[in-house]
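Engineer: Give me the fold of what follows.
(chains A, B, C and D)
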2 protein chains.
Amino acid sequence: MEQNKIPQATAKRLPLYYRFLNNLNQQGKNRVSSKELSEAVKVDSATIRRDFSYFGALGKKGYGYNVEYLLGFFRSTLDQNETTEVALIGVGNLGTAFLNYSFLKNNNIRITKGFDANPEKAGTNIGGVPIYHIDELHEKLEGIRVAILTVPATEAETITEVLVKEGIEGILNFTPARISVPERIRVHHIDLAVELQSLVYFLKHYPLGE
Amino acid sequence: MEQNKIPQATAKRLPLYYRFLNNLNQQGKNRVSSKELSEAVKVDSATIRRDFSYFGALGKKGYGYNVEYLLGFFRSTLDQNETTEVALIGVGNLGTAFLNYSFLKNNNIRITKGFDANPEKAGTNIGGVPIYHIDELHEKLEGIRVAILTVPATEAETITEVLVKEGIEGILNFTPARISVPERIRVHHIDLAVELQSLVYFLKHYPLGE
DNA sequence: ATTCATTTGTGAAATTTATCACGACTATTT
DNA sequence: AAATAGTCGTGATAAATTTCACAAATGAAT
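Structural biologist: The predicted model follows:
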């Protein structure tokens, strides 16, 4: 929206910073240096300072950063003041795990609806989230802009087309399929098999430190 | 091990290429161009050619790549000839999903043992994988070099210490904790909340195409 | 007050990654 | 056999990201 000056690599780290600042705040700390933060999040301290600097001078030389101030700043930057509703498509093993997983403790993103092709699941409630049949996407998806895709790989492409038609703007894709979407739609892939394989590859070919 | 010349960015894409080559092979295709592959995996064709070129001249000008040859090449490069055993630590919702998830169809990585702190889970069997009590790590972890960490965040650090002591070399960490390990140990983080938050951030701040 | 140990913010350099663009070669068609 | 359309491999360039290293500012200690 505003300044597209923030590098993508930086943007990806913001939620991480936000979470650890929350931790610090809850621990009652009111001051933190880039060095301390670096040890906590495992990101080089110069990188952290550089990241913060894109938003202006948030710290004080010789002092560090004020936790509360920084937290407030990130809260508004990450839009944590307004709630974002997310739909979960595919209530299988992985989808169920997400519904039960309260991984959204410190932030205002909520999975508010689940969808599945199995009619027996429709009408149920998992982890406090109501489940609907996949055919109800049209009626129930209004106002929701983000979807988590945890369907079988074979269904991914078909369901993506429906999601696109219904106006979804962002998809977090957990299927191994590389889905095709119009340019305006953002897809992030989390590919569990690829992650595991590449970890194994790195172990064998890049032994020891980084 | 051998040439550390392969860029990390390339190494991360290898498993992806491998999977799609497998698909093509199963479809009976025996020839593929970087352009076709590009459309399938959503990676620029020049990048694909560059990636392949680190391993030598695998293709033929004016022709493309022979699927079977390429597949054989990647199989040995990705060590798909030998089986890699992986332990899953933490049989909660997410862990159970992985055990049931046969996301390791086309490759030789297998979750062979699960561990959990709940004594009631010990002795059971989920998705064909035997579950042991976490106290049995010492006896049961021999020969296993990779672990998937799906325990509660509060337990992550303590259990990581045990894993390190038992000789684990690589950890795929699904907890939001940023665990501390000696330099020789490789950790890849998959942070679901961060992924979701950063997707939402990108949507709001970087609208439309990339 | 003065000194000292810290710590930021950032110019500059280094490193890593992605992309362009084209010569060289291949297969196919006419 | 010549023309054509397709494709790789790669030098060169561009873009993105990380890291170094230090002046300037701060707070604490004496």
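
Engineer: now chain A, which segments are flagged as low pLDDT?
Structural biologist: A:1-4, A:103-106, A:208-210 (pLDDT under 70).

Engineer: how about the helices in it?
Structural biologist: With helices called from DSSP state H, chain A shows them at A:8-26, A:34-41, A:45-53, A:67-77, A:93-100, A:137-140, A:153-165, A:192-205.

Engineer: phi, psi of the residue of chain A most remote from its centre?
Structural biologist: Largest separation from the mean C-alpha position in chain A: A:Gly62, at 33.6 Å (C-alpha atoms, centre = their mean). When read as degrees, to the nearest 10, the backbone of A:Gly62 gives phi 80, psi -10.

Engineer: Would you mind measuring from it to chain B?
Structural biologist: 27 Å (C-beta to the nearest C-beta, to the nearest Å). In short, each C-beta sits where N, CA and C put it, glycine included.

Engineer: Spit out the contact partners of that residue.
Structural biologist: By C-beta atoms under 8 Å, 6 or more residues apart in numbering or on different chains, the contact set of A:Gly62 is empty.

Engineer: Relative to A:Arg31, how far out is the residue in chain A that DNA strand D sits nearest to?
Structural biologist: As assessed by C-beta to the nearest atom of the strand, DNA strand D sits closest to A:Gly62 within chain A, at 2.5 Å. As for A:Gly62, its distance to A:Arg31 is 12 Å (criterion: C-beta to C-beta, to the nearest Å).

Engineer: What of A:Phe202?
Structural biologist: In terms of C-beta to C-beta, A:Phe202 sits 37 Å off from A:Arg31.

Engineer: In terms of neighbours, single out the busier of those two.
Structural biologist: Taking neighbours as other C-beta atoms under 10 Å in any protein chain shown, A:Phe202 and A:Arg31 compare with A:Phe202 leading, 17 against 13.

Engineer: out of everything not next to it in sequence, what's closest to the more buried one?
Structural biologist: Among residues not flanking A:Phe202 along the chain, B:Arg186 sits closest, at 5.7 Å (C-beta to C-beta, 6 or more residues apart in numbering or on different chains).

Engineer: can I assume that neighbour is in contact with A:Leu199?
Structural biologist: Yes - counting by C-beta atoms under 8 Å, B:Arg186 touches A:Leu199, with 6.7 Å between them.

Engineer: Show me whatever sits in contact with both of the two.
Structural biologist: B:Gly170.

Engineer: any idea how chain A splits into domains?
Structural biologist: Annotated domains of chain A cover A:8-76, A:84-194 [automatic domain parsing].

Engineer: hey, which strand is longest across chain A?
Structural biologist: Taking DSSP state E as the criterion, chain A has its longest strand at strand A:109-116.

Engineer: dump the residue contacts of the residue nearest to A:Phe202.
Structural biologist: Per C-beta under 8 Å, 6+ apart, neighbours of B:Arg186: A:Leu199, A:Phe202, A:Leu203, A:Tyr206, B:Glu169, B:Gly170, B:Ile171.

Engineer: how much space between the second one and A:Glu169?
Structural biologist: Counting by C-beta to C-beta, the gap from A:Phe202 to A:Glu169 is 33 Å.

Engineer: swap in the last one?
Structural biologist: When distances are taken as C-beta to C-beta, B:Ile171 and A:Glu169 turn out to be 34 Å apart.

Engineer: out of those two, which sits in the more crowded spot?
Structural biologist: Using other C-beta under 10 Å as the criterion, B:Ile171 and A:Glu169 rank with B:Ile171 on top: 24 against 20.

Engineer: which ones are touching the closest residue to that one other than its chain neighbours?
Structural biologist: Once flanking residues are discounted, B:Ile171 sits nearest to B:Val187: 4.8 Å by C-beta to C-beta, 6+ apart. Counting by C-beta under 8 Å, 6+ apart, B:Val187 makes contact with B:Gly170, B:Ile171, B:Leu172, B:Asn173, B:Ile179, B:Val181.
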